[in-house]
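K.L.:
give me coordinates for this.
(one chain, ligands or ions: 4)
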Amino acid sequence: MSQLFVRTLRDDPADAEVPSHRLLVRAGYVRRAAPGIYTWLPLGLRVLRNVEAIIREEMDAIGAQELSFPALLPREPYEASNRWTTYGNGIFRLHDRKGGDYLLGPTHEEMFTLAVKDMYSSYKDLPVWLYQIQTKYRDEARPRAGVLRGREFIMKDSYSFDTTDEGLDASYAAHRAAYVRTFDRLGFDYAIVKATSGAMGGSRSEEFLAKADVGEDTYVRCTHCDYAANVEAVAVRAPAASGYDDAPAAHAEETPETPTIATLVDHLNEKFPREDRPWAAGDTLKNVLVVLKHPDGTREPLAIGLPGDRDVDQKRLEGQLEPIEVEAMDDVELRKHPALVKGYIGPEVLGEESASGIRYVVDPRVVDGTRWVTGANLPGSHVLDLVAGRDFTADGTIEAADVRDGDACPNCEEGTLESARGIEMGHIFQLGRWFAEALDLKVLDESGKLVTVTMGSYGIGVTRAVAAIAEGNHDEHGLCWPRAIAPAAVHVVAAGKDPAVFAAAERLATELAGAGLDVIYDDRAGKVSPGVKFKDAELIGVPTLVTVGRGLADGVIEVKDRHTGEREEVAVDDAAAHLV
Ligand code: ATP
Ligand code: MG
Ligand code: MG
Ligand code: MG
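P.N.:
Ligands and ions are numbered 1, 2, ... in the order given. Modelled structure (predicted):
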């Protein structure tokens, strides 16, 4: 401790709102460099490396291969996917000396896709799973809670490449299992929740949420079955008097039918009558996002009906576009959803300076004769649920189709939903063929035909995990790290002035280190009192605290469990054997 590059703080930093942030700063793990941008000090870096190691082991164990892309990326691949535009203010952009455009990577689908395209050409090469643990940059509108939501942060991102939908399902399942093992080992109390209305069809996507009151995500779970969903994705029964009566297929007995453009136009005319002339297919829509799915039911949305400032693609509307579905997404998903990056929606409808205010998406589906509605209200606008005919006022929060504690579970219908808050630790997502199409990643199949590759993407917030673990493992005295990721296994305090105490403490620390344990040894002499040393030890939060002090005269030291607070006296001669 006399050498360690650390200064603990007695007082909470003024800008820290949540316990993990306060404690990580006070205990000398991180220091703020700029809003949402943090320096990792030696103690913090040790924890971060331990978290990384667990993630890396579990990724390697399923056969994913680690590589590393640059963080500084050229514009072109992101132009091809249109994310250069759709990311809007969400990314950091820069120029080189020749005026070329670059960005700092917020996520790397494009680069992985291009790498596979560069190296592979046959179905025999697939599946392949690739990952990196790397610094990402997002110009978050609201960086928050220290490293919990940073503008520079470390993410483990992996991507799977398959030729078939079944292959993608298997890749997804393998990653999901690896995530379960990873989050178990990291000591999280977590929930796996649906991140889109996946149960109702569409691409599968789940989030791993660490249960925490400070979390920014709200999810619901069923009291009866294992259904759990982010409220942004939850499907609920439309209220009886919701305007469904005049929509087609409103009655359970009737043949289910997906709403059509004509339905949408009818609703527009009813809900938003125009003064000059009636709404017609092809008109510009505001406030509604329409994702048009291919009639043959393939995974990939065929087109997006334009809910923004531009005209809906007339041809697509009049042509093969029926039936339509309207996809549920939050603002994050809006930027990321494969269908949305295709080029129909520009930053003007996604960015903060949005003029048109595309804010709201609904997802009417008919399942077993019952119509379900998923709604997601993007922050900050007045919105109307056109299809369900319900008005929503915007207060900047997701309204999530009125999901409330006590609602019937949409899955089993026996249990009720209860809501809780969580921190998004990981997100797994079946991307499908969109990126591969945009970047022309095709391989030859068994019959020599070129087929488009289907992809999955799987992320874990590594720096966020450190904060989330701290959030779940602390008390009023400081941090209490789980052993698997603690910066050290044992913290030895030499308490007192007696040189014999220091000699014995140092001998013990050396012995423990020799046995392979990471040890912090508080060898500070002079003005640093035992009280200060104990306070620092509790603040830093190593799982086992050893005090070499007064008891030494009787041949004993004290061993304290940081989690339980239990203390025991151990003979100094047995101490090393006892602790290893
Ligand atoms: P959020 O909803 O919290 O903004 P996200 O859905 O935008 O996260 P993804 O694109 O799914 O994030 O990225 C994968 C993982 O990266 C997330 O599950 C999260 O753990 C982590 N992550 C995302 N944004 C940040 C951030 N600003 N700071 C720290 N970690 C982040
Ligand atoms: Mg999210
Ligand atoms: Mg985000
Ligand atoms: Mg996510």
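K.L.:
three-state assignment of the residue of the stretch 301-450 of the chain found nearest ligand 1?
P.N.:
Using C-beta to the nearest ligand atom, the closest approach of the stretch 301-450 of the chain to ligand 1 is made by His427 at 3.5 Å. The way it works is simple: take the backbone N, C-alpha and C, and place the C-beta from them, glycine included. His427 falls in the strand class when you classify it by DSSP: H, G, I helix; E, B strand; the rest coil.
K.L.:
tell me the spacing between Leu23 and ligand 1.
P.N.:
18 Å (C-beta to the nearest ligand atom, to the nearest Å).
K.L.:
and that residue, that one's in a helix?
P.N.:
Yes - assessed with three-state DSSP, Leu23 lies in a helix.
K.L.:
tell me the contacts of it?
P.N.:
With C-beta atoms under 8 Å, 6 or more residues apart in numbering as the criterion, the residues that contact Leu23 are Ala470, His474, Gly478, Leu479, Leu539, Gly541.
K.L.:
what do you get if the cut-off is 6 Å, keeping everything else the same?
P.N.:
His474, Gly478, Leu479 (C-beta atoms under 6 Å, 6 or more residues apart in numbering).
K.L.:
report the contact partners of the residue lying closest to the second one once chain neighbours are set aside.
P.N.:
Just to be clear, that refers to Gly478. In this structure, Gly478 finds its nearest non-sequential neighbour in Leu539, 3.5 Å apart by C-beta to C-beta, 6 or more residues apart in numbering. Contact analysis of Leu539 by C-beta under 6 Å, 6+ apart lists Thr8, Ala27, Gly478.
K.L.:
which positions in the protein make contact with ligand 1?
P.N.:
Residues of the chain found near ligand 1 (C-beta under 6 Å from any ligand atom) are 107, 138, 140, 149-150, 153, 155, 332, 424-427, 459, 461, 463-464.
K.L.:
closest to Leu439 out of those?
P.N.:
Thr107 (14.4 Å; C-beta to C-beta).
K.L.:
quick check: phi and psi on the closest one?
P.N.:
phi -180, psi 160 (degrees, to the nearest 10).
K.L.:
which pLDDT value goes with it?
P.N.:
Note on Thr107: pLDDT of 92.
K.L.:
what's the answer for Val234, then?
P.N.:
For Val234, pLDDT reads 57.
K.L.:
ok, now Ala80?
P.N.:
pLDDT at Ala80 comes out at 84.
K.L.:
same check, this time on Lys342
P.N.:
For Lys342, pLDDT reads 24.
K.L.:
and the residue of the stretch 351-500 of the chain nearest ligand 2?
P.N.:
Glu424 (4.8 Å; C-beta to the ion).
K.L.:
and the spatially closest residue to Gln65 that is not a sequence neighbour, which of the three is it?
P.N.:
What sits nearest to Gln65 in space, not counting adjacent residues and going by C-beta to C-beta, 6+ apart, is Leu130, at 5.6 Å. Put simply, Leu130 is strand when judged by three-state DSSP.
K.L.:
and Ala14, by the same measure?
P.N.:
Per three-state DSSP, Ala14 ends up coil.
K.L.:
pretty sure Met155 contacts Tyr137?
P.N.:
No - using C-beta atoms under 6 Å, Met155 is not in contact with Tyr137, being 10.3 Å away.
K.L.:
helices of the stretch 151-300 of the chain, start to end?
P.N.:
In the stretch 151-300 of the chain, helices defined by DSSP state H, counting those that start in this stretch lie at 165-185, 261-271, listed in chain order.
K.L.:
show me what the first one packs onto, helices and strands only.
P.N.:
If I follow you right, that is helix 165-185. On a contact count with 3 or more C-beta pairs under 6 Å, 6 or more residues apart in numbering; DSSP states H and E, helix 165-185 meets helix 42-61, strand 152-162, strand 417-432, strand 454-461.
K.L.:
again, only using 8 Å
P.N.:
helix 42-61, strand 128-137, strand 152-162, strand 190-194, strand 205-211, strand 417-432, strand 454-461 (3 or more C-beta pairs under 8 Å, 6 or more residues apart in numbering; DSSP states H and E).
K.L.:
what does it contact?
P.N.:
54-55, 58-59, 61-64, 126-127, 129, 158, 160, 162, 190, 192, 204, 206, 208, 210, 299, 425-426, 428, 430, 432, 454-456, 458, 460, 484.
K.L.:
one step back: quick one: the residue of the stretch 301-450 of the chain closest to ligand 1 from Gln65, how far?
P.N.:
21 Å (C-beta to C-beta, to the nearest Å).
K.L.:
contacting residues for the residue in the chain that ligand 1 sits nearest to?
P.N.:
Closest residue of the chain to ligand 1, C-beta to the nearest ligand atom: Gly461 (2.3 Å). Going by C-beta under 8 Å, 6+ apart, Gly461 touches Phe153, Ile154, Met155, Glu424, Met425, Gly426, Ala468.
K.L.:
same check, this time on Ser121
P.N.:
So Ser121 contacts Val443, Leu444 (C-beta under 8 Å, 6+ apart).
K.L.:
equivalent analysis for Thr8, please.
P.N.:
Contacts of Thr8 (C-beta under 8 Å, 6+ apart): Arg26, Ala27, Gly28, Lys535, Asp536, Leu539, Ile540.
K.L.:
tell me the buried residues within these.
P.N.:
Arg26, Ala27, Gly28, Asp536, Leu539, Ile540 (16 or more other C-beta atoms under 10 Å).
K.L.:
what residue ranges in the chain score low on pLDDT?
P.N.:
196-203, 232-274, 279-404 (pLDDT under 70).
K.L.:
and if we set it to 80?
P.N.:
81-83, 85-88, 196-203, 231-413, 434 (pLDDT under 80).
K.L.:
returning to what we had before: could the contacts of Leu539 go into JSON lines alongside distance to Pro42 and secondary structure?
P.N.:
Compiled in JSON lines, the contacts of Leu539 are given as follows (distance: C-beta to C-beta, whole Å; DSSP: H, G, I helix; E, B strand; the rest coil):
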{"residue": "Thr8", "distance to Pro42": "13", "secondary structure": "coil"}
{"residue": "Ala27", "distance to Pro42": "12", "secondary structure": "coil"}
{"residue": "Gly478", "distance to Pro42": "17", "secondary structure": "strand"}
